[in-house]
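Participant: quick one: sequence and predicted model below, then my questions.
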Amino acid sequence: MVGVFVVSFLFTNETVFGENPAVGDNDWAMFGHDLLHSGSSSSTGPDTNNTQWVYRTDTDAYSAPAVVDGKVYIGSGDGNVYCLDAASGNKIWNFTTGDSVSSSAAVVDGKVYIGSGDGNVYCLDAASGNKIWKYTTSGVVSSSAAVVDDKVYIGSWDNNVYCLDAVTGTKIWNFTTGDSVSSSAAVVDGKVYIGSEDGNIYCLDAASGNKIWKYTTDSSVSSSAAVVNGKVYIGLSGAGVLATGAVYCLDATTGAFLWNYTTDGYPSRPAVVDGKVYIGSSDGNVYCLDAVTGIKMWNYQAGGRGSSSSPAVAGGRVYIAKSHGYVYLNKPQSDVQVSCLDAASGAKIWSYTTSGGLSSSPVVVDGKLYIGTRTGGVYCFGGSFPMILTYLQIPYYLIILIPVVGAILVLILRRRKTVAKSKIP
């Protein structure tokens, strides 16, 4: 199953091409954080690898989380969509679909929109997990929804891009490509930008679904584009495990080629912020490119070859996850390393390694990082309290008061012993 990857409105003095919906500073509401797929958040991110909590699903936690109003929404290979408490990791509800869920949730206006391997696009109540509607396609839905103006834009392995009514689930239009659509749509300035396994990147009219332009590549396009400042940034790969890949930059209005940068592996969805493009690659590197020229500014070697998540950029930090395989006792194994890098220099600030493969991408909300792994763990990094205290749900004020009360009790006991001794003849 192909996993889908994950940011934010650019809080800079640059002009953003098109409009971005209001996304709360403490929310990561959809794949790529926002409709642009900018990959960045105005939130601060964790400065240490302190593990706040881990929630175990029955199998792979495929999708990138969405975090809205203190809740984490994530899909799993066990066929469930989970809603977790963002502070404690406790499960609030789960909704069972008919197959694995690698689509990432979009949480808009109290509703959760998500696809499933069973071919359905689901709309769920964000508070209860109850199904509001479903729309059935003729293929796997690993694409993630973009939701704006009461419309849901999503792709399917039945070769179509769909536009659905967000309230009723009724189909408004569909556009048929030449192959499966696992790419997720960016919706900017009334246009839908999405790739297809037929090798094309499409720009469609958001209202009608009519094709405005297409750019033909020499590879399948399963990655998703970031559309920022009038440019489309997308990662493309060649054929084969060891194939090279490239980051392309196109003109968002015409589809004209502007530049590309070649990597030695399959690149992730880019994050674009402050005039820089951040991208992970299966060649083991994280790259920072100049958004205008495509010139490399730095790269960080995160390890051996293996899949890479899409980056999340927050508070001058780049957060990215990387998996690599190895053999131990004649058995194939894999690790996942989550890294925090300085956005300006690429220097490593911290990392955390756990077992298992990778198909999710990190998101950063309110100083914490959330990510899923293929061992079935949803991780939350950040905060300053040990994980056991989070599991026990001990209020922070009690954590502070307990040692104070303890010290007072010790003083009282010592005082009583002193008085008792003074009374002994």
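Facilitator: Structure's in. What do you need? Here the structure is a predicted model, which is why all the values come from computation and not from measurement.
Participant: gap between Asp34 and Lys322?
Facilitator: Note on Asp34: its distance to Lys322, by C-beta to C-beta, to the nearest Å, is 24 Å. All C-beta atoms are positioned from the backbone trio N, CA, C, and that covers glycine.
Participant: cool, and Val364?
Facilitator: 17 Å.
Participant: and stretch 200-219, what's buried?
Facilitator: Judged by neighbour count using 16 or more other C-beta atoms under 10 Å, the buried positions of stretch 200-219 are Asn200, Ile201, Tyr202, Cys203, Leu204, Ala206, Gly209, Ile212, Trp213, Tyr215, Thr217, Ser219.
Participant: what pLDDT is listed against the last one?
Facilitator: Among the per-residue scores, Ser219 shows a pLDDT of 84.
Participant: against Asp99, how distant is it?
Facilitator: Distance from Ser219 to Asp99, by C-beta to C-beta: 27 Å.
Participant: where do the domain boundaries of this structure fall?
Facilitator: 40-394, 401-425 (automatic domain parsing).
Participant: mind telling me which of those domains the model trusts least?
Facilitator: domain 401-425 (a mean of 66).
Participant: ok, the closest residue to Asp264 other than its chain neighbours - contacts?
Facilitator: Closest residue to Asp264 apart from its sequence neighbours, by C-beta to C-beta, 6 or more residues apart in numbering: Asp283 at 3.7 Å. For Asp283, the contact set (C-beta atoms under 8 Å, 6 or more residues apart in numbering) comprises Gly245, Thr263, Asp264, Gly265, Arg305.
Participant: sorry, back to before: tell me the most buried of the domains of the chain?
Facilitator: Most buried of the domains of the chain, by mean neighbour count (mean count of other C-beta atoms under 10 Å): domain 40-394, with a mean of 21.
Participant: so what's Cys340 up against?
Facilitator: The neighbours of Cys340, taking C-beta under 8 Å, 6+ apart as the test, are Gly45, Pro46, Asp47, Asn49, Arg317, Val318, Tyr319, Lys348, Ile349, Trp350, Ser351.
Participant: so which strand or helix has it?
Facilitator: Assigned by DSSP states H and E, Cys340 belongs to strand 331-342.
Participant: how near is the closest residue to Val192 other than its chain neighbours to Leu35?
Facilitator: Nearest residue to Val192 in three dimensions, chain neighbours excluded: Leu204, at 4.3 Å (C-beta to C-beta, 6+ apart). Using C-beta to C-beta, Leu204 is found at 14 Å from Leu35.
Participant: repeat for Gly190
Facilitator: 11 Å.
Participant: cool, Asn120 as well?
Facilitator: In terms of C-beta to C-beta, Asn120 sits 23 Å off from Leu35.
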